[in-house]
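Chemist: pasting the sequence and the predicted coordinates here, then a few questions.
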Amino acid sequence: MTYSEDYKKSIENPEEFWGKIANELFWYKKWDKVLDTSNPPFYRWFKGGETNICYNAVDRWAKDDEHKNRAAYIYENPVEKISKIITYSDLLILVNQVAGLFKHLGLEKGDRVIFYLPMSIESCVAALACTRIGLIHSIIFAGFSKESIAVRIDDAKPKLIICADGSKRAGKITPLKKIIDDAIDIAEYKVPKVLVLNLNLIDYHKIEGRDIDWKHEIENCPIKEVECVPLKSEDPSYILYTSGTTGKPKGALRDTAGYMVAGYHSIFSLYGCKKDSIYFATSDIGWVVGHSYTIYFPLFAGITSIIYDGTPIHPHTGIWFEIIEKVKADVVFSSPTAFRMLRKFPEENITKFDLSCLKYLFLAGEPLDPPTYEFAKRVLGKTEIIDNYWQTETGWPVLCNPVGVDNIPIKPGSPTYPTWTWNLEVVDDNNKTVGAGVKGFLVAKPPTPPGHMLTIWGDDDRYNETYFKVLPGEPVYYTGDYAIKDKDGYYFVLGRADEVIKVASHRLGTREIEELLNSHPSVAENMVIGIADPIKGQVPLVLVVLKENIISSDELINGLRQKIRDGIGPIAKPKEILVVSRLPKTRSGKVMRRIIKSIAEGKNIGDISTIEDSASVKEVRDAIESVIVKD
């Protein structure tokens, strides 16, 4: 089969396409109908079927003599010099223990459990234990503030919160238990139990009658084994909160069967994994990539997943590549932001390692600009660099070069073609398809493929309004991103539709300027925002991080200005180009545009607890105020 043949079948006959794949997994009861379209936009996959995510990820491999001693997870914490291998047999025991504890605590199918944990084996085990008995987990990135957590507590109403005493990252300890205590205090919903994973990083206050200790409870729990519960295909597996335009986060609710089938197939068809692959997703499990490609999908395929606890530049800037060499990872999933950050440092920090094992590097999370693609290609040699595009809502890629099926020629900057059953179009404000090379909104014609979110937790109306009623005419899934489809059918995603600067009635995408500057040999990374201008409405403000050992000068800044003028035109002339040593980012590497824009506009920046390095906010503030005040 070629990509074209497979894709065509997935669009024209999705029931046959996905039904054949689903038969490769374990079911307690086969489905009555592969796709139920009776209640759009709430599409349901494998209606009438019964299965279990945990059984397909753990039990079926642990009971297989050829697989049971294979590594399911490899845990790497280079700062603490900890490396652990958890085989599928080991994992079955651990998951049973935690599921037994959940049962002992009185948790029942449909109850919610919130996690606030560092990257750890325990986090992944607890997630699998939830799916084993039908609990709905909601993993909150271990860096969100007490206010952010309180909102999620009130929305999910968990029967249990699991947290650690603290987390240690690049030498800094974050008091996770204290943050949870504060969040519970300000939340309206009162959490009955808090299970504390004591890593002996920081002292914490135990609240009697509510707080219990992970190790003590596991050791003393009378229930050591729990059978997997047969779950309906549409039963929820987890809630993952993502940002919303109203300020209230949206709880993306995932199903059981569709997510499992799509994720299983993606490992082989999109990511090109083999039966003995070792998969390294660098994302935290608090984000969708970590959910999908650390906890679950590699295990559905019976391969090995890496749990990495640390940063990309600590204890040194080549640490990811040292681990790749050590564990012989052949498929790695990371982000363009991370590689733009690595561009700051000497390339030999990467090239000194033997990366001959690494076949594919996949990058997603924001648009992959050609300069970053070329950098990754240069330092990784024969490794193929594959762009892919998806969202928290979709659960797996929407656009990707399907290297497991048909290695299509790469166009740097493009995530290539739509994946299975994603029927994409680029449209204008009136929901009319635009021509090749014309910028428009990226949308998908229903039905949404398996693995896509079921709805927004507790708010079907918001789901419909946010994703299917944005544009006029026939309902389409609105991604919220701008894109271009070229004459060869390649898609280029241009970033969020709201990341647009309107300069004297001309609309400029921030990515257009950012890509130009990233191609400059002295620039490691940059970020562009629009700020108010009394004459033009908005003008670009540019923050630039230079490569290591590059000194800022008037000549360099003027050269960057000229590059923008030559590449886009005088209309894109920036108000200022400011050089900083770092950009405010979350621990997952996402640049916090909201904070930088608020600083530039003199607004309250709000909560910055998710920022990896709070000093970066002060540096950006000082740089911006030094030029804004002049006016």
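Modeler: Nice, thanks for sending it over.

Chemist: which stretches of the stretch 401-550 of the chain form strands?
Modeler: Along the stretch 401-550 of the chain, counting by DSSP state E, counting those that start in this stretch, strands occupy 423-427, 440-445, 455-456, 477-485, 491-496, 500-503, 506-509, 523-533, 537-546.

Chemist: just put these in CSV and tack on mean pLDDT, mean neighbour count and distance to residue 164.
Modeler: Where you see a C-beta, it was placed from the backbone N, CA and C, and this is true even at glycine. Formatted as CSV, the strands of the stretch 401-550 of the chain follow (pLDDT from 0 to 100; neighbours: other C-beta atoms under 10 Å; distance: least, C-beta to C-beta, whole Å):
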stretch, mean pLDDT, mean neighbour count, distance to residue 164
strand 423-427, 98, 19, 41
strand 440-445, 97, 21, 38
strand 455-456, 98, 22, 28
strand 477-485, 94, 21, 34
strand 491-496, 87, 20, 33
strand 500-503, 74, 18, 40
strand 506-509, 69, 16, 40
strand 523-533, 87, 22, 31
strand 537-546, 89, 21, 32
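
Chemist: looking at the ones you listed, which is closest to residue 57?
Modeler: strand 455-456 (23.9 Å; C-beta to C-beta).

Chemist: how about low-confidence regions in the stretch 351-500 of the chain?
Modeler: 498 (pLDDT under 70).

Chemist: what about the helices in it?
Modeler: 370-380, 460-468 (DSSP state H, counting those that start in this stretch).

Chemist: what angle sits between the first one and strand 523-533?
Modeler: Spelled out, that is helix 370-380. In this structure, helix 370-380 runs at an angle of 160 degrees to strand 523-533, with axes from the mean of the first three to the mean of the last three C-alpha atoms, to 10 degrees as the basis.

Chemist: quick one: buried residues of helix 370-380?
Modeler: Neighbour-count burial for helix 370-380, counted by 16 or more other C-beta atoms under 10 Å, picks out 371, 372, 373, 375, 376, 377, 379, 380.

Chemist: do the same with stretch 192-212
Modeler: For stretch 192-212, the buried set under the neighbour-count rule, 16+ other C-beta under 10 Å, comprises 193, 194, 195, 196, 197, 198, 199, 201, 202, 204, 211.

Chemist: tabulate the CA atom coordinates of it in PDB.
Modeler: Taking Å, rounded to 0.1, in the frame of the first residue of the first chain, the C-alpha atoms of stretch 192-212 are listed here in PDB:
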ATOM      1  CA  PRO A 192     -11.400  13.900  50.000                       C
ATOM      2  CA  LYS A 193      -7.900  12.300  49.700                       C
ATOM      3  CA  VAL A 194      -4.400  13.300  48.700                       C
ATOM      4  CA  LEU A 195      -1.900  10.500  48.000                       C
ATOM      5  CA  VAL A 196       1.700  11.800  48.500                       C
ATOM      6  CA  LEU A 197       4.700  10.300  46.700                       C
ATOM      7  CA  ASN A 198       7.500  11.200  49.100                       C
ATOM      8  CA  LEU A 199      10.700  11.600  47.100                       C
ATOM      9  CA  ASN A 200      12.400  13.000  50.200                       C
ATOM     10  CA  LEU A 201      13.100  16.300  48.400                       C
ATOM     11  CA  ILE A 202      11.400  18.600  50.800                       C
ATOM     12  CA  ASP A 203       9.600  18.500  54.100                       C
ATOM     13  CA  TYR A 204       5.800  18.900  53.800                       C
ATOM     14  CA  HIS A 205       2.900  19.300  56.200                       C
ATOM     15  CA  LYS A 206       0.600  16.200  56.500                       C
ATOM     16  CA  ILE A 207      -3.000  17.000  56.900                       C
ATOM     17  CA  GLU A 208      -4.500  14.200  59.100                       C
ATOM     18  CA  GLY A 209      -7.500  12.400  57.800                       C
ATOM     19  CA  ARG A 210      -6.800  13.600  54.200                       C
ATOM     20  CA  ASP A 211      -3.200  12.900  53.300                       C
ATOM     21  CA  ILE A 212      -1.800   9.400  52.900                       C
END
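
Chemist: and residue 596, what pLDDT?
Modeler: Listed pLDDT for residue 596 reads 81.

Chemist: my guess is it meets residue 620, correct?
Modeler: Yes - counting by C-beta atoms under 8 Å, residue 620 is a contact partner of residue 596 at 5.9 Å.

Chemist: now list whatever residues contact both of those two.
Modeler: Counting by C-beta atoms under 8 Å, 6 or more residues apart in numbering, the contacts common to residue 596 and residue 620 are 543, 583, 584.

Chemist: quick one: the last one and residue 366, what's the gap?
Modeler: If I follow you right, that is residue 584. 15 Å (C-beta to C-beta, to the nearest Å).

Chemist: those two: who's more crowded?
Modeler: Legend: neighbour count by other C-beta atoms under 10 Å for residue 584 and residue 366, higher for residue 584 (29 against 20).

Chemist: take the shared contacts of residue 596 and residue 620 and write them to TSV, including distance to residue 591.
Modeler: Supplementary listing: the shared contacts of residue 596 and residue 620 in TSV, determined by distance: C-beta to C-beta, whole Å:
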residue	distance to residue 591
543	9
583	5
584	7
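
Chemist: how about the helices of the stretch 351-500 of the chain, which one is nearest residue 567?
Modeler: helix 370-380 (12.4 Å).

Chemist: neighbouring contacts of the closest one?
Modeler: So helix 370-380 is contacted by 336, 339-340, 342-343, 347, 350-351, 355, 358, 361, 363, 383, 385, 387, 412-413, 515, 518-519 (C-beta under 8 Å, 6+ apart).

Chemist: check those for burial and list the buried ones.
Modeler: Buried, going by 16+ other C-beta under 10 Å: 336, 339-340, 342-343, 350, 355, 358, 361, 363, 383, 385, 387, 413, 515, 518, out of the contacts of helix 370-380.

Chemist: show me those that map onto strands.
Modeler: Among the buried ones among the contacts of helix 370-380, the ones falling in strands (DSSP state E) are 361, 363, 385, 387.

Chemist: please convert the residues you listed to a markdown table, extending it with distance to residue 46.
Modeler: As requested, these are arranged in a markdown table below (distance: C-beta to C-beta, whole Å):
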| residue | distance to residue 46 |
| --- | --- |
| 361 | 33 |
| 363 | 31 |
| 385 | 34 |
| 387 | 30 |
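
Chemist: farthest-apart pair in those, please.
Modeler: With C-beta to C-beta as the measure, no two of those lie farther apart than 361 and 387, at 10.1 Å.

Chemist: wait, residue 528 touches residue 539, no?
Modeler: No - Residue 528 is not in contact with residue 539 according to C-beta under 8 Å; the separation is 10.5 Å.

Chemist: okay, and the common contacts of these two?
Modeler: 501, 574.

Chemist: nearest residue to residue 307 other than its sequence neighbours?
Modeler: residue 75 (4.6 Å; C-beta to C-beta, 6 or more residues apart in numbering).

Chemist: same thing with residue 487?
Modeler: Spatially, and ignoring its direct neighbours in sequence, residue 487 is nearest to residue 436 (4.3 Å; C-beta to C-beta, 6+ apart).
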